[in-house]
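Asker: Predicted model follows, preceded by the sequence.
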There are 2 protein chains.
Amino acid sequence: MPPTSETLTAERILEATEEVLRRHGPAKATVVDVARALGVSHGSVYRHFRTKAALREAVTKRWLDRTSQRLAGIVDAADRTPEQRLRDWLSTLFAAKRHKAGDDPELFATYTVLTDELGGVVHEHLADLTGQLTRIIAAGTASGAFHTPDPSATARAVFHATGRFHDPCHAREWTSPGIDAEFEAVVELLVRGLSREPGR
Amino acid sequence: MPPTSETLTAERILEATEEVLRRHGPAKATVVDVARALGVSHGSVYRHFRTKAALREAVTKRWLDRTSQRLAGIVDAADRTPEQRLRDWLSTLFAAKRHKAGDDPELFATYTVLTDELGGVVHEHLADLTGQLTRIIAAGTASGAFHTPDPSATARAVFHATGRFHDPCHAREWTSPGIDAEFEAVVELLVRGLSREPGR
DNA sequence: GGACTGACAGATATTGAAATCTGTCAGCCG
DNA sequence: CGGCTGACAGATTTCAATATCTGTCAGTCC
């Protein structure tokens, strides 16, 4: 609403877009709405983003990157064992997703729709996350805590096996009562599979 | 189309419903269509199924049960070790789902929509499948091949961890090139986690 | 008498005309 | 200039009238 006569930057447009998406949802959020929220004409928005799809892509990338960055801090925590870091990383990912989905279900649904449209950005995001996982697992392999001939493939396996706890298409299940126990059971099984000496 | 003057049975209605769903999809399949396909008035269909939802439920249950029955044969195969049975069972489940999704994508999408509506039937189906898994894992625990304090909870964990390879919301990914390797990697990790003496 | 029909009321879906949106661009304004 | 506007063409969405569907039931027909 405030036409804030500052310069029109891509950043300001992205912020306004997020706000419009939060208010109107993905289907009804138009670039005219975004321009109106900024007090400019929609032509100006097209100066910064070639198409509506590009704008949606940029705003989604920003949203996904916020999660990546939170997780990146766990990967290199030198004071924790690889197993602890793996457990932390998976728990934090699950908690972050569940938090996003629970806090503002509308906005979460919005981004779920957006990520469905935007194959490329999502693919990069997943590559980023499995890359982080690979570093933890490789560290574990180096220290002898984990045992796998191919940390990268194993990282993807761990990521896929925990999909129920971070993939948006399972968001509905994240509020069911037994979900935490289920998460623990899956992580336990995976950690046992990764460890050289399980069953202790 | 053929008014087949046989008696109108629930079974015949279910067959006609499946055909109408295959042709028209879930959104456009009406009970008037089903009646027309059978050469009767739609009032007659309501004699056998109280509501359209009940009809959809019955036809979906039939469809889900076909998968359950195929898998049930693997559970008690006396000539195979529990680990082999576990691998067989998971592979067969994946193959069956992928086959259904690939063969007739329209029909698969139709049933995916239906299962989304019908919480109860699907929940029963999942309970049935995890029950089968529990029996395999319990057999493995008894023979010393597997090691878990709670076969039922572990069965659910295995089922959830392999969700990417049987949950319809991942159907799109079942045609991607690396999917078989990914499946093997996840199963490998889980079997290792279940086994008392892995890493050999 | 019991399976079936077909007309009916209320709910839901389809349709097409009108409104809005996307993306462009010639021109304005500081 | 260089960022911005606003009118425009074609594509998409909305909305209300119209048609179809769901579920019921009194009545038909064998």
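Answerer: That came through fine.
Asker: how does chain A divide up, domain by domain?
Answerer: According to automatic domain parsing, chain A comprises the domains A:10-48, A:60-194.
Asker: For the first one, list every residue counted as buried.
Answerer: Spelled out, it's domain A:10-48. A:13-18, A:20-21, A:26, A:29, A:31, A:33-35, A:37-38, A:40, A:45, A:48 (16 or more other Cβ atoms under 10 Å in any protein chain shown). Using the backbone N, CA and C atoms, a C-beta is placed for each residue, glycine as well.
Asker: cool, stretch A:153-167 as well?
Answerer: Buried residues in stretch A:153-167 (16+ other Cβ under 10 Å): A:153-167.
Asker: what about that stretch and chain B, touching?
Answerer: Yes: judged by Cβ under 8 Å from any Cβ of the partner chain, stretch A:153-167 and chain B are in contact via A:153-154, A:156-158, A:160-164, A:167.
Asker: still on that earlier bit, and of the buried residues of stretch A:153-167, the nearest to DNA strand D?
Answerer: Distance to DNA strand D across those (Cβ to the nearest atom of the strand) is lowest for residue A:167, with 25.9 Å.
Asker: residues contacting that closest one?
Answerer: B:169-170 (Cβ atoms under 8 Å, 6 or more residues apart in numbering or on different chains).
Asker: Could you check the pLDDT of it?
Answerer: Reading off the confidence values, residue A:167 has pLDDT 97.
Asker: secondary structure element for residue A:177?
Answerer: Using DSSP states H and E, residue A:177 is not contained in any helix or strand.
Asker: Of the buried residues of stretch A:153-167, which belong to helices?
Answerer: Counting by DSSP state H, the buried residues of stretch A:153-167 place A:153-161 in helices.
Asker: Using a markdown table, lay out those together with pLDDT and distance to DNA strand D.
Answerer: Below are those laid out as a markdown table (pLDDT from 0 to 100; distance: Cβ to the nearest atom of the strand, whole Å):
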| residue | pLDDT | distance to DNA strand D |
| --- | --- | --- |
| A:153 | 97 | 40 |
| A:154 | 98 | 42 |
| A:155 | 98 | 38 |
| A:156 | 98 | 35 |
| A:157 | 98 | 38 |
| A:158 | 98 | 38 |
| A:159 | 98 | 33 |
| A:160 | 98 | 33 |
| A:161 | 98 | 37 |
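Asker: from these, which is closest to residue B:137?
Answerer: residue A:161 (16.2 Å; Cβ to Cβ).
Asker: re earlier: is it possible to export the domains of chain A to JSON lines including distance to residue B:121?
Answerer: JSON lines is the format used below for the domains of chain A (distance: least, Cβ to Cβ, whole Å):
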{"stretch": "domain A:10-48", "distance to residue B:121": "30"}
{"stretch": "domain A:60-194", "distance to residue B:121": "16"}
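Asker: quick revisit: among the ones in helices among the buried residues of stretch A:153-167, which pair sits farthest apart?
Answerer: Among these, A:153 and A:161 lie farthest apart (Cβ to Cβ), at 12.4 Å.
Asker: Which strands or helices does the worst-scoring helix or strand of chain A on mean pLDDT pack on?
Answerer: Of the helices and strands making up chain A, the lowest-confidence element is helix A:105-117, at a mean of 89, by mean pLDDT, DSSP states H and E. Under the contact criterion of 3 or more Cβ pairs under 8 Å, 6 or more residues apart in numbering or on different chains; DSSP states H and E, helix A:105-117 touches helix A:10-24, helix A:52-75, helix A:82-103.
Asker: again, 10 Å this time
Answerer: Helices and strands touching helix A:105-117, by 3 or more Cβ pairs under 10 Å, 6 or more residues apart in numbering or on different chains; DSSP states H and E, are helix A:10-24, helix A:52-75, helix A:82-103, helix A:119-143.
Asker: mean confidence for the second one?
Answerer: Throughout helix A:52-75, pLDDT has a mean value of 95.
Asker: how about it as PDB, C-alpha atoms only?
Answerer: Extracted in PDB, the C-alpha atoms of helix A:52-75 (Å, rounded to 0.1, in the frame of the first residue of the first chain):
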ATOM      1  CA  LYS A  52       5.400 -13.800 -14.500                       C
ATOM      2  CA  ALA A  53       6.900 -17.300 -14.400                       C
ATOM      3  CA  ALA A  54      10.400 -15.800 -13.900                       C
ATOM      4  CA  LEU A  55       9.000 -13.700 -11.000                       C
ATOM      5  CA  ARG A  56       7.400 -16.800  -9.400                       C
ATOM      6  CA  GLU A  57      10.600 -18.700  -9.900                       C
ATOM      7  CA  ALA A  58      12.700 -16.100  -8.200                       C
ATOM      8  CA  VAL A  59      10.400 -15.800  -5.200                       C
ATOM      9  CA  THR A  60      10.300 -19.600  -4.900                       C
ATOM     10  CA  LYS A  61      14.100 -19.900  -5.100                       C
ATOM     11  CA  ARG A  62      14.400 -17.400  -2.300                       C
ATOM     12  CA  TRP A  63      12.000 -19.400  -0.200                       C
ATOM     13  CA  LEU A  64      13.800 -22.700  -0.800                       C
ATOM     14  CA  ASP A  65      17.200 -21.100  -0.100                       C
ATOM     15  CA  ARG A  66      16.100 -20.000   3.300                       C
ATOM     16  CA  THR A  67      15.800 -23.700   4.300                       C
ATOM     17  CA  SER A  68      19.000 -24.700   2.600                       C
ATOM     18  CA  GLN A  69      20.900 -22.100   4.500                       C
ATOM     19  CA  ARG A  70      19.600 -23.100   7.900                       C
ATOM     20  CA  LEU A  71      20.700 -26.700   7.200                       C
ATOM     21  CA  ALA A  72      24.100 -25.700   5.900                       C
ATOM     22  CA  GLY A  73      25.200 -24.700   9.400                       C
ATOM     23  CA  ILE A  74      24.700 -28.200  10.700                       C
ATOM     24  CA  VAL A  75      26.800 -29.900   8.000                       C
END
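Asker: Great, nothing more from me.
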